[in-house]
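*Asks:* have a look at this prediction, sequence included:
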Amino acid sequence: MSSQQSTVATVLTGTPVVPGVAYAPVMWPGERPELPATGPDLPEAEREAEAARFSTAALAVAGRLRERASQATGAASEVLAATAGLASDKAWIGTAEKLIRSGSPAEGAVAAATEQFADMFTKLGGLMAERVTDLRDVRDRVLAELLGRPEPGVPVPTAPSILLADDLAPADTAGLDPALIVGIGTRLGGPTSHTAIIARQLGIPCIVGLTQAGTVDAGTPVLLDGGEGTVTVEPPAAEAESRVAEAQRLATEVARWRGPGRTSDGAPVAILANVQDGASARTAAERQVEGVGLFRTELAFLNRADEPAVAEQAALYREVIDAFPGGKVVIRTLDAGSDKPLKFVDHAHEDNPALGVRGIRIAEGDPGLLERQLDAIAAAADGAEASPWVMAPMIATAAEARSFAAQCRARSLTPGVMIEVPAAALCADSVVAEVDFVSIGTNDLTQYAMAADRMSSELAALTDPWQPAVLRLIKITAEAGAAAGKPVGVCGEAAADPLLACVLVGLGVSSLSCAAGAAAAVGARVGAVTLQQCRWAAEAAVAAADPQAAREAVRRALG
Ligand code: PEP
Ligand code: MG
């Protein structure tokens, strides 16, 4: 009895974000430098030199981050470049220098200037608030430089390790070596946080919202399952090793998977990619995906001060269409606002921008913006091998869908809408009636159904698309599509979860669009089960009381 008890390992649970299984000892990131206490004012004569000491340190940190950005690729490179941008930000440097010139030592000035900016970013909310972690990371790097200490962050381990942390600065995550950091678990962070996005790109199994992470000491062997969202503390070694071997066998199947997507008994399920410009569409085309299920056009224009002319827009859309000659390409009209404000769109101040004038709602006050974008899409479609489908974000009512569809049809474009507002899902029958297809945006659908900000790390357990309320809204939408004989796709992060993908197929979803890097795992999982198994899995998931029970029930249903 006692020997049996000693083999029962503790299992911690969190939100799974990158599937994969790893078994290794735990490591924690190094301590961050302590924030300096406020000291006496510097003598006048030393202030200029102190300001120069600070700016040299900030520029050294920016230079190192830029260097790392140039060696990385994709999201990791972008995140490192953006962090380097913060370290050389004129306004931030200027604020710190001003504090130094009024007597503060450089260390104190860095800390104070950072907090001023952090307050401002937090008040702005959305994406800006998310950058507070980056800003504090830059502060710590500059402090370490000033104090002559090693740059803070994740030390390079000598043997494969599983990294546990409260939260990881994007610059830390972007620099990880997947051969040495074989798993990541963070106490904070949501499924759409930077840590999750970069871990996905690097292919490192990852769990966020692992609230009990702090109970595991460095050096403890753990089995991390990024698909299940579990960390088993000190599991029997032989069992853990066989789980890793089984996961590697599955990974080989994923590597071997070739499209087109279909269940093992031949039911077609289109596996598509989410893209943001011509380059990402061409990268996706090198994978096994059949087309684009979501082209987030607003992401192509995030840094633009002025609205791009129709001809320029058309050329960009055509690049994406041409990446998949004759294939399916779904272009989404600008989803500006909330966490993705565009400089050339007039966003009045809103206390609650996620519930404000974003997506299709912008067309109410500025109809020309949508009209010009549809003109550009129509121009891009002219002469293309296959005409793109066009969909509107943030549709809440059938009337909005009707008006959008009329504008598309007037330009011979195939109209669809995103179902990401619970009202549209609940009335999916009347919304579907207005358009030729719908695509479910599970990121926002989950945020709005659960009344939980998708950016919030504390609410990761609620912003989980396995929540029964979300699955029921998807079911209603899929049934409405089936009744009308119109395709229903999913293009939120839920489509990147291989297990959930089987549930979505069982609910009647006919296309899954996700990050191109996640597509093969989804295609291989769907290809390993029959349509009937997917239907059983869907029934089991919808009947489950909570996400954890749903995952377990689906695993059983799929055998
Ligand atoms: C979604 O909400 O699921 C979606 C795909 O749109 P975005 O993530 O761009 O808001
Ligand atoms: Mg959305």
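*Replies:* Structure received. Ligands and ions are numbered 1, 2, ... in the order given.

*Asks:* residue of the stretch 451-559 of the chain closest to ligand 1, please.
*Replies:* Proximity of the stretch 451-559 of the chain to ligand 1 (CB to the nearest ligand atom) peaks at Gly492, 2.8 Å away. For the C-beta atoms, the positions are set from N, CA and C on the backbone; glycine is no exception.

*Asks:* could I get the buried residue list for the helix or strand that Leu65 is a member of?
*Replies:* Assigned by DSSP states H and E, Leu65 belongs to helix 47-71. If you call a residue buried by 16 or more other CB atoms under 10 Å, then helix 47-71 has these buried ones: 47, 50-51, 54-55, 57-58, 60-62, 64-66, 68-69.

*Asks:* go on, stretch 371-387?
*Replies:* So, applying 16+ other CB under 10 Å, buried residues of stretch 371-387: Gln373, Leu374, Asp375, Ala376, Ile377, Ala378, Ala379, Ala380, Ala381, Ser387.

*Asks:* do the same with stretch 446-459
*Replies:* Thr446, Gln447, Tyr448, Ala449, Met450, Ala452, Asp453, Arg454, Met455, Ser456, Ser457, Leu459.

*Asks:* helix, strand or coil for the second one?
*Replies:* At Gln447 the chain is in helix, as set by DSSP: H, G, I helix; E, B strand; the rest coil.

*Asks:* look up the pLDDT of it for me, please.
*Replies:* Gln447 carries a pLDDT value of 96.

*Asks:* apart from its neighbours in sequence, what residue is nearest it?
*Replies:* Spatially, and ignoring its direct neighbours in sequence, Gln447 is nearest to Arg454 (4.2 Å; CB to CB, 6 or more residues apart in numbering).

*Asks:* OK, contacts around that neighbour?
*Replies:* By CB atoms under 8 Å, 6 or more residues apart in numbering, Arg454 lies in contact with Gly190, Thr192, Asn443, Asp444, Thr446, Gln447, Thr463.

*Asks:* chain center to the strand or helix carrying the fourth one: distance?
*Replies:* For Asp444, the host element (DSSP H and E) is helix 442-449. Remark: helix 442-449 is offset 13 Å from the chain centroid, using CA atoms, centre = their mean, to the nearest Å.

*Asks:* ok, and what's touching it?
*Replies:* 192, 354, 394, 419-422, 425, 452-454, 463-465, 467, 469-470, 473-474, 490, 492-495.

*Asks:* so of these, which ones are in helices?
*Replies:* Pro422, Ala425, Ala469, Val470, Leu473, Ile474 (DSSP state H).

*Asks:* of those, closest to Arg287?
*Replies:* Ile474 (25.1 Å; CB to CB).

*Asks:* tell me the contacts of the closest one?
*Replies:* Counting by CB under 8 Å, 6+ apart, Ile474 has contacts Ala425, Ile440, Thr442, Leu445, Val490, Leu504, Leu507, Val509.

*Asks:* and the residue of the stretch 451-559 of the chain closest to ligand 1, what's its pLDDT?
*Replies:* Note for Gly492: predicted pLDDT of 93.

*Asks:* likewise Pro19?
*Replies:* 86.

*Asks:* SS state for the residue nearest to it when sequence neighbours are not counted?
*Replies:* Closest residue to Pro19 apart from its sequence neighbours, by CB to CB, 6+ apart: Gly227 at 3.5 Å. When classified by three-state DSSP, Gly227 comes out as coil.

*Asks:* does Gly227 touch Pro16 like I think?
*Replies:* Yes - at 5.6 Å, Gly227 counts as touching Pro16 under the criterion of CB atoms under 8 Å.

*Asks:* more crowded one of the two?
*Replies:* Counting neighbours by other CB atoms under 10 Å for Gly227 and for Pro16 shows that Pro16 has the greater number, 28 against 22.

*Asks:* quick check on Leu272: phi, psi?
*Replies:* Leu272 adopts backbone torsions of phi -120, psi 170, taken as degrees, to the nearest 10.

*Asks:* next, the contact list for it, please.
*Replies:* 289-294, 328, 330, 489, 491, 511-514, 519.

*Asks:* cool, and Leu374?
*Replies:* Thr333, Val390, Gln407, Cys408, Arg411, Leu413.

*Asks:* most neighbours of all those, which one?
*Replies:* In terms of neighbours by other CB under 10 Å, the contacts of Leu374 top out with Val390 at 29 neighbours.

*Asks:* ok, that residue touching Cys408?
*Replies:* Yes - Val390 sits in contact with Cys408 when judged by CB under 8 Å, with a separation of 5.3 Å.

*Asks:* which neighbours do these two share?
*Replies:* Joint contacts of Val390 and Cys408 (CB under 8 Å, 6+ apart) are Leu374, Thr414, Pro415.

*Asks:* now the strands for the stretch 151-300 of the chain?
*Replies:* For the stretch 151-300 of the chain, the strands defined by DSSP state E, counting those that start in this stretch cover 161-165, 181-186, 206-208, 221-225, 230-233, 270-275, 291-296.

*Asks:* each with direction, which strands does the last one pair with?
*Replies:* Meaning strand 291-296. strand 270-275 (parallel), strand 328-332 (parallel) (DSSP bridges).

*Asks:* so which of the contacts of Leu272 are also by ligand 2?
*Replies:* Among the contacts of Leu272, no residue is within reach of ligand 2 (CB under 5 Å from the ion).

*Asks:* show me how to select, in PyMOL, the buried members of those residues.
*Replies:* Filtering these down to the buried ones (16+ other CB under 10 Å) takes a single PyMOL command:
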select buried, resi 289+290+291+292+293+294+328+330+489+491+511+512+513+514+519
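
*Asks:* list just the nearest of the contacts of Leu272 to Ala169.
*Replies:* Closest to Ala169, out of all of these and judged by CB to CB, is Cys514, at 25.5 Å.

*Asks:* quick revisit: a markdown table please, covering the strands paired with strand 291-296 and showing mean pLDDT.
*Replies:* Compiled in a markdown table, the strands paired with strand 291-296 are given as follows (pLDDT from 0 to 100):
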| stretch | mean pLDDT |
| --- | --- |
| strand 270-275 | 96 |
| strand 328-332 | 98 |
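
*Asks:* can you tell me which of the ones you listed is most buried?
*Replies:* Counting by mean count of other CB atoms under 10 Å, strand 270-275 has the highest mean neighbour count of the strands paired with strand 291-296, with a mean of 28.

*Asks:* now do that strand: distance to the chain's middle.
*Replies:* Worked out by CA atoms, centre = their mean, strand 270-275 lies 15 Å from the chain centre.

*Asks:* repeat for stretch 328-335
*Replies:* 18 Å.

*Asks:* likewise stretch 463-470?
*Replies:* 16 Å.

*Asks:* now the terminal residues of that stretch, how far apart.
*Replies:* Taking CA to CA, to the nearest Å, stretch 463-470 runs 10 Å from one end to the other.

*Asks:* near ligand 1, which residues of this protein? Just list them.
*Replies:* Residues of the chain lying near ligand 1 by CB under 6 Å from any ligand atom: Leu294, Arg296, Asp335, Glu420, Gly441, Thr442, Asn443, Asp444, Cys491, Gly492.

*Asks:* 8 Å instead?
*Replies:* By the rule CB under 8 Å from any ligand atom, the part of the chain lying against ligand 1 is 192, 274, 294, 296, 298, 332, 335, 339-340, 393, 418, 420, 439-447, 454, 491-494.

*Asks:* identify the residues contacting the helix or strand encompassing Ala96?
*Replies:* Element membership of Ala96 [criterion: DSSP H and E] is helix 90-101. Residues from elsewhere that reach helix 90-101 (CB under 8 Å, 6+ apart): 42, 47-48, 50-51, 54-55, 58, 86, 106, 108-110, 112-114, 116-117, 135.

*Asks:* avg pLDDT for it?
*Replies:* 95.

*Asks:* and for stretch 503-522?
*Replies:* 95.
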